[in-house]
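**Q** Structure for the following, please:
(chains A and B)
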Number of protein chains: 2
Amino acid sequence: MKIERLKGFRDHYPDDMEIRYDFIKKMMDTAISFGYKMIDFPSLESMDLYRLKSGTELVEQTFSFTDKGGREVTMIPEATPSTMRMLTSRKDIKMPARWFSIPKVWRYEEPQEGRYREHIQFNADMFGADSPEADAEIIGLAATILDNLGLSGQYEINVNDRYLMELILRDLGSKNPVDLFPVIDRFKKMDLTDFKKRLLKDLDDDASEKLISLLKDKIDINDVERLLNGYANDVMERVKRLKDTFALTSKYTKSKLNIDLSVVRGLSYYTGIVFEAFDISGELRAILGGGRYDNLSNLFINESIPAVGFAIGDAVIELLLKRNNLWNYKDKRKRYYVVNISSSPEAHIEILNKIRGSGNIAISEVNKRKMQTIIKYAESIKCDFLIIIGDRELSSKKMTIKNLRTQEQAEIDVDDFINNINS
Amino acid sequence: MKIERLKGFRDHYPDDMEIRYDFIKKMMDTAISFGYKMIDFPSLESMDLYRLKSGTELVEQTFSFTDKGGREVTMIPEATPSTMRMLTSRKDIKMPARWFSIPKVWRYEEPQEGRYREHIQFNADMFGADSPEADAEIIGLAATILDNLGLSGQYEINVNDRYLMELILRDLGSKNPVDLFPVIDRFKKMDLTDFKKRLLKDLDDDASEKLISLLKDKIDINDVERLLNGYANDVMERVKRLKDTFALTSKYTKSKLNIDLSVVRGLSYYTGIVFEAFDISGELRAILGGGRYDNLSNLFINESIPAVGFAIGDAVIELLLKRNNLWNYKDKRKRYYVVNISSSPEAHIEILNKIRGSGNIAISEVNKRKMQTIIKYAESIKCDFLIIIGDRELSSKKMTIKNLRTQEQAEIDVDDFINNINS
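**A** Below is the predicted model of the structure:
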């Protein structure tokens, strides 16, 4: 009986998983080098956790169900609510706190390129700091992760500031600027006439045109002041903070940083800086996205805890690494295939143990196949060396070793081999 | 509004997660040293995958639901069915194949010590080999993992062979020996009179007494032949294989290996060797368990693929490491806390980058707090060194470095520091 994998889910076979684990490990190591520490939380949370901040729309795009105990539960669609639940449920956490996590997350939506119903998501967040230094560190960490994956120069980061947008919209005459964020979020996907029609519900014609002119191009941070010349003082003050953040961020990475006033991000909880990284060709979905969300903690404990963070999914990273010929992994460990053809059935195990203890890889022949079959197999699973232990070798404490790349073969002393394995 | 974590689920804060990740990494590295390669599969599978082999009982103990597309789905309660689905859905897999996986798995049952509704499970399996060498390698891998966690001498492994038990039961007169496995599985949990009463449905009084005498004690492998003296020839032949397996396994580990004829394991798919590891005090649940299941592939492709493997959950390992004072982790990386008090806001970032690039940890002060507060914080998050960059230091390309353990302080050349950071 054939049972299929569910639609939108993936199996990862060894060759694939080895590369995937390697890039996740690089993300982890980069975050650790910045002082971030790993956390983990349940894959299943009370549905209330998502109703709290997202309304019903998000819940509809999740794997949600009623469990056998009658609880309404959701397979986590993102890390932030769980992370915030953890942060706010303890009072002894030293601030600033720097956390990362690598959960699987699930969304019930149509699968498409770079988008699955299940993916691995790397998250990093800093709590307890609201400063250009904190914002720059988070964008810097995101960029350093991509740089450490070998993607330097292959991406650009588009930055905006939700609070700046709020001030601009207010200056343009909007009464409820926050209500315009979901509209602005759709700017690039909407027809311009429709977009303007929608703006006219909140802004006059002149303000709408002004706003469209602000949204339509990515700009250099140095041109922002000129572009916003004439706006209110609070706008210009906020631009100053953005400039400070850019100056700091540019020391973390050589990659291109743009101001893109159309970036507001879909999630409603952002309050300050927001950013997205895209591949330089612009053909793929966002590589990563994040921002500042200082008020989310209020929903849990009636207290604001400054927070800034980002998330990277594994699917777009995979596409990008493949496009850049970086979808590969070379294990530094040597792989030995060990065959015992002696009359002493356990004679090879000490050699296996020694190779493994040295930090290398030893694979044992467990099927007693013909030597020709064994060599073909050892080559097919990419072993570097074949070791043969026969009665003749055993009697002289030697072993035969064959280099499977060069076909060179030699009989060597077992102790010598073990003592020099890593030299 | 306070939102609670679901019952039976766990949050892992950094101090906890650091240790947990470390022991999972050690399990991985041990498996890799044996030539095993990582796979991964969906957390959600069609419910049919579990109906296939387990009947309805297991399904009742799972988080199962109907998704928005009307599919009956289950959050995976174990790795084996998914692994087998992957193995049998490709024809190009080189045999023997050695795979490991580290999924989260879920069971809907009452939480108790060492048992949660969600846990991390390490799995290792070898496919395509049916030999004492293969059986011994799997038990040897399980033991080496525990030994590499520092648990050598703290556990024992109890081994049985389902096929041997089948032959014994047949020799004792049972018509349907396999039906007795679930009964034998409950031997230690049942009252002896009740147990015998149940046996008498299939066996005569003499045979029942004989069986009970075989089940009641763990025995040394060298006593098995004597104990089974007088049983049929096929029984004695199968004992020979078990002896070979033990001789091989004892070369992998110094830990105690017992024969325990009462071990048959709950899952119905085992066909040969079965084993469980317990802490030496016998107070905890099984640390790990596994066995041979050569016929499971038949349910997928009508072809037997020899298979042997085991699973380790994180919960009992945690209890055991804590009991043995091994619940700790020391990062070899040095932790530097970097404070920029100069008039150049970006002056410290190059130093941060260099420390991070050297494989060490650099944490930046992003809140511009008072020096006394900073030092207290840096100590509380266990930094080794404090680095201060002021205008005076900047002008002479120097930095102040304070050892937070010894309180020693010095002014050193920035280039010298960077060049010697790992020496």
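
**Q** Confirm that A:Thr62 sits in a helix.
**A** No - judged by DSSP: H, G, I helix; E, B strand; the rest coil, A:Thr62 forms no part of a helix; its state is coil.

**Q** Quickly note the distance from it to A:Leu296.
**A** Using C-beta to C-beta, to the nearest Å, A:Thr62 is found at 18 Å from A:Leu296. All C-beta spots, glycine's among them, are computed from the backbone N, C-alpha and C.

**Q** what's the answer for A:Glu133, then?
**A** For A:Glu133, the distance to A:Leu296 (C-beta to C-beta) stands at 21 Å.

**Q** list the helices and strands the helix or strand where A:Gly140 lies packs on?
**A** Taking DSSP states H and E as the criterion, A:Gly140 maps to helix A:132-146. Applying 3 or more C-beta pairs under 8 Å, 6 or more residues apart in numbering or on different chains; DSSP states H and E, we find helix A:132-146 packed against helix A:14-33, strand A:118-127, strand A:155-161, helix A:233-249, strand A:273-279, strand A:288-292, strand A:307-313.

**Q** ok, A:Lys382 - contacts?
**A** Going by C-beta atoms under 8 Å, 6 or more residues apart in numbering or on different chains, A:Lys382 touches A:Arg335.

**Q** run the last query once more with 10 Å
**A** A:15, A:331, A:335, A:404 (C-beta atoms under 10 Å, 6 or more residues apart in numbering or on different chains).

**Q** Pretty sure it sits in a helix.
**A** No - per three-state DSSP, A:Lys382 lies outside any helix segment and is coil.

**Q** and the gap between it and A:Lys368?
**A** 22 Å.

**Q** what's the answer for A:Asp40, then?
**A** 43 Å.

**Q** Compare neighbour counts for the two and give me the winner.
**A** Between A:Asp40 and A:Lys368, A:Asp40 has the larger neighbour count (other C-beta atoms under 10 Å in any protein chain shown), namely 22 against 13.

**Q** Show the subsequent helix or strand relative to the lowest-mean-pLDDT helix or strand in chain A.
**A** Taking mean pLDDT, DSSP states H and E as the measure, chain A has helix A:48-60 as its least confident helix or strand, at a mean of 70. Downstream of helix A:48-60, the first helix or strand assigned by DSSP H and E is strand A:64-66.

**Q** Now tell me what touches that next one from outside.
**A** Taking C-beta under 10 Å, 6+ apart as the rule, strand A:64-66 contacts A:44, A:47, A:50, A:58, A:71-75, A:77, A:106, A:108, B:63-68, B:73, B:75.

**Q** Please list which of the contacts of A:Lys382 are also close to chain B.
**A** Near chain B, judged by C-beta under 10 Å from any C-beta of the partner chain, the entries from these are A:15, A:331, A:335.

**Q** Of those residues - the most surrounded one?
**A** A:Arg335 (18 neighbours).

**Q** tell me the contacts of the residue nearest the centre of chain A?
**A** Centroid-nearest residue in chain A, with C-alpha atoms, centre = their mean: A:Ile312, separated by 2.9 Å. Going by C-beta under 10 Å, 6+ apart, A:Ile312 touches A:23-24, A:27, A:102, A:120-124, A:142, A:145-146, A:149, A:277, A:286-290.

**Q** Tell me the residues of the stretch 101-250 of chain A that contact chain B?
**A** Residues of the stretch 101-250 of chain A lying near chain B (C-beta under 10 Å from any C-beta): A:101-104, A:106, A:108-109, A:116-118, A:120, A:126, A:128-138, A:140-141, A:144, A:148, A:244, A:247-250.
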